[in-house]
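I would like to see how this sequence folds:
(chains A and B)
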Amino acid sequence: MINLLKMDLYRMFKNRVTWLCILGTVILMISSVFLTSSDINYYSSHQEELKQIEANRDRSEDWGIYIGSVMPEWCKDIEAPVVALIANNIQSKMLLLFLVVLLVDFVNGENKTGFLLNIVGQISNRGYIIVSKVIITAIFSFIQLLSTCVIIGISSQLFLGYTNFEGISNFLPFISMQLLLQIAFGTLIIFIVTFTKSTIASMVIGILLSSGIIQVLDPIFRAILNKSKEFSIMYYTISGNIGQLRIGSSKDVYLRSFFIVILVLMITSYISIYLIRKRDVE
Amino acid sequence: MEYLLSTKNLCKQYGSQKAVDNVSIHLRPGDIYGFIGKNGAGKTTFLKMISGLSAPSSGEIFLFGQKGKKINKLFSRMGVLIENPGVFPYMSASENLKMKCICVGIDKSGYIESILDIVGLSDVGKKKVKNYSIGMKQRLGIAMALIGEPDLLVLDEPINGLDPQGIVEVRDTILRLNKEREITIIISSHILEELSKIASRYGIINEGRLIKELTKDELLMECSTRIELKLLRPEKAIPVLEQMGYSNYNIIDNITIHIFERLDDSGKIVMELSKRLIEIQSISVVSQGIEDYFLNLTGGIYYD
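Numbers count the residues shown, from 1 in each chain, chains lettered A, B, ... in the order given. From the prediction side, this is the model:
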């Protein structure tokens, strides 16, 4: 198992796609902070429009993917805390997109090239192949989140002219839960790749899931469960919780996220391991 | 342990179609076993089953004297090159080999270089695999299979798509591995002439069924020029033939005798047997190449 993980790590860091995904994350984070600073400058001098975004605030959840968000108070001489900038950018689910790209390429690479044929006979349990990929997801997500924190800190200093560390004490639980959510989402992608064995299908499904496509099912669920308009199935999905979990979220939100992480991790890992053990290697 | 690998009535069924149907083969230590069949005959499916990549629908595999679940751990003593060399094109040969070394826990300095040397890729070990020719990729595939010092090498169509030079290189590599490293090899191909140059034992598969298993000597005998004598009572003809001085002959079945010497004397045989009132159905000088032999066995064209 350890050898398999070492091999996957070696391949991950030799793979150009890994570095492109990290580079893409870095570029998007820089662009996002730049756009936020432009928005702050714009709304600071356009008070009417600022009032409008204040009025629209909290009206509805944004389940989709976005770049460069701004809080009304940042346009009123209150410095944007770096942890809020980081949180907004993680919630924007741009990181998920790169995670999908990396995992689809990485996991399906072994199937596409036939490399799996070389190693399957050498390992005592095929399930380790999936476990190793989940650990790779955790390592990549950690690197991605770490680089996001560092780059946003530097970009804040560059574009906003300051780095406000306010609220840093509550940041650790938030970033830890986001890391777990990212790992669970990665495990879901590993399952999709293992199940479909198709790069294109996995990539499309992964991108659609990160962009909150499941919310189109909301009217059906509302009708079946007799729920109000406030209900959304996105509250019970990984990508929905990534978007919804905030630094100041209540214990209930954290607990819900945690249970969803555990559930998705267990179910998708179990099915992926079952599939890889039972299926013939092609 | 008489056999390094043997199978007993091995089957693989996909829906109602049997890809491999009751195949029983026998591989002795040190053999180069040529597994021959048309494209789609079931060679790859069979090789995947004996390599642990595919589960048999029924039947048994005996590997290194073990069977059942015990063989799962023994697959690590096999090196496999099935269909295409499973390598990452964006990596060099050394990097691809290093990945498998990490996986099997080999960390000896100079090991990768020695493997590259065996397959004749030591000069291009740092070059990206995407820039390799088909022959170089096939040799890298063999190198991948050699990592971990396997006792048994499973090579599926390793000379497929190679130019004559590439075929010679791969053939020499296989022979060297068998002789110098004493690796037992099972190699599939539909290029029969090539296989006949290296294999010591053959299994012929057609439509999923093993139709013949024979040694190199038996194959050469089958393919040599001979007098084929067909008669109703061969046992009556034998004393006559021996009186005439024939000793190199074989009774093939209950109506056929193959005679491998004095091929111009078939007229004398007819006269002698006629004198003794032994009825001859037919007599002819038969000469068939290896390809004709397989064609007759499989009952069709074996090249696609």
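
Need the pLDDT of the closest residue to A:Val131 other than its chain neighbours.
Nearest non-adjacent residue to A:Val131, counting by Cβ to Cβ, 6 or more residues apart in numbering or on different chains: A:Met1, 6.8 Å away. All C-beta atoms are positioned from the backbone trio N, CA, C, and that covers glycine. In this model, A:Met1 is scored at 83, pLDDT.

and chain B, which residues reach chain A?
B:48, B:51-55, B:72-73, B:75-76, B:78, B:80, B:82-91, B:95, B:98-100, B:102-105, B:144-145, B:148 (Cβ under 8 Å from any Cβ of the partner chain).

Mark which of the residues you listed are buried, thanks.
Buried members of those, counted by 16 or more other Cβ atoms under 10 Å in any protein chain shown: B:48, B:51-54, B:75-76, B:78, B:80, B:82, B:84-88, B:90-91, B:95, B:98-100, B:102-104, B:144-145, B:148.

the helices in chain B, which residues?
B:43-50, B:93-104, B:111-118, B:134-146, B:164-180, B:192-196, B:216-223, B:234-243, B:266-275, B:290-298 (DSSP state H).

Please verify my assumption that B:Gln13 contacts B:Ser57.
Yes. Using Cβ atoms under 8 Å, B:Gln13 is in contact with B:Ser57, at 4.3 Å.

Write out the residues of the stretch 51-200 of chain A neighbouring chain B.
Close to chain B, as judged by Cβ under 8 Å from any Cβ, the stretch 51-200 of chain A has residues A:109, A:113-124.

ok, those vs B:Gly245, which is closest?
For those, the closest approach to B:Gly245 (Cβ to Cβ) belongs to A:Gly121, at 56.0 Å.

residues touching the closest one, list them.
B:51-53, B:75-76, B:78, B:80 (Cβ atoms under 8 Å, 6 or more residues apart in numbering or on different chains).

out of everything not next to it in sequence, what's closest to it?
Counting by Cβ to Cβ, 6+ apart, B:Phe75 is the residue found nearest to A:Gly121 once chain neighbours are left out, at 3.7 Å.

quick revisit: quick one: which of the residues of the stretch 51-200 of chain A next to chain B is most hemmed in?
The most crowded member of those, judged by other Cβ atoms under 10 Å in any protein chain shown, is A:Asn118 (28 neighbours).

dump the residue contacts of that one.
B:80, B:86, B:100, B:144-145.

mind listing what whatever residue of the stretch 201-304 of chain B ends up closest to chain A touches?
At 16.0 Å from chain A, B:Gly208 is the closest residue in the stretch 201-304 of chain B, using Cβ to the nearest Cβ. Residues counted as contacts of B:Gly208 (Cβ under 8 Å, 6+ apart) are B:18-21, B:23, B:41-42.

Show me where the stretch 1-150 of chain B dips below the pLDDT cut-off.
Along the stretch 1-150 of chain B, the parts satisfying pLDDT under 70 run over B:1.

And the strands in the stretch 1-150 of chain B, which stretches?
B:5-14, B:17-23, B:26-27, B:32-36, B:58-63, B:66-67, B:78-81 (DSSP state E, counting those that start in this stretch).

ok so, going back, would you check which pair of the contacts of A:Gly121 lies furthest apart?
Longest span within the contacts of A:Gly121, Cβ to Cβ: B:Leu53 and B:Ser76, 13.1 Å.

Break chain B into its domains for me.
B:5-214, B:225-286 (automatic domain parsing).

Quick one: closest of those domains to A:Ala84.
Nearest to A:Ala84, of those and by Cβ to Cβ, is domain B:5-214 at 39.2 Å.

ok, so of the contacts of B:Gly208, who is nearest B:Asn250?
Minimum distance to B:Asn250 across the contacts of B:Gly208 is 26.6 Å, recorded for B:Val23 (Cβ to Cβ).

how about low-confidence regions in the stretch 51-200 of chain A?
Scanning the stretch 51-200 of chain A residue by residue, the ranges that satisfy pLDDT under 70 are A:57-68.

pLDDT below threshold where in the stretch 201-304 of chain B?
Using pLDDT under 70, the stretch 201-304 of chain B drops low at B:288, B:291, B:298-304.

Find the residue at the geometric middle of the chain.
Answering for chain A, as no chain was given. With distances taken as Cα atoms, centre = their mean, the residue of chain A nearest its centroid is A:Leu96 (3.3 Å).

think we crossed wires, I meant chain B
Using Cα atoms, centre = their mean, the residue of chain B that lies closest to the mean C-alpha position is B:Gly34, 0.5 Å off.

what's the neighbour count on the residue nearest to it when sequence neighbours are not counted?
Using Cβ to Cβ, 6+ apart and skipping residues adjacent in sequence, the residue nearest B:Gly34 is B:Ala199, 3.1 Å away. Number of residues near B:Ala199 (other Cβ under 10 Å) recorded here: 25.

close enough to count as contact, B:Ala199 and B:Lys216?
Yes. Assessed by Cβ under 8 Å, B:Ala199 is found in contact with B:Lys216 at 6.6 Å.

tell me the contacts of the residue nearest to A:Gly121?
Here B:Phe75 is in contact with A:120-122, B:51-52, B:63 (Cβ under 8 Å, 6+ apart).

What is the nearest of these to A:Ile183?
Using Cβ to Cβ, the contacts of B:Phe75 come closest to A:Ile183 at A:Val120, 24.9 Å.

Now do the closest one against A:Arg279, distance only.
11 Å (Cβ to Cβ, to the nearest Å).

Over to B:Lys70?
Computed as Cβ to Cβ, the B:Lys70 to A:Arg279 distance reads 22 Å.

do the same with A:Leu28
Using Cβ to Cβ, one gets 36 Å for the distance from A:Leu28 to A:Arg279.

A:Ser45 now?
Here the criterion is Cβ to Cβ. By it, A:Ser45 lies 61 Å from A:Arg279.

So which of these two has more stuff around it?
A:Arg279 (14 against 9).

got a pLDDT number for that one?
For A:Arg279, the predicted pLDDT is 85.
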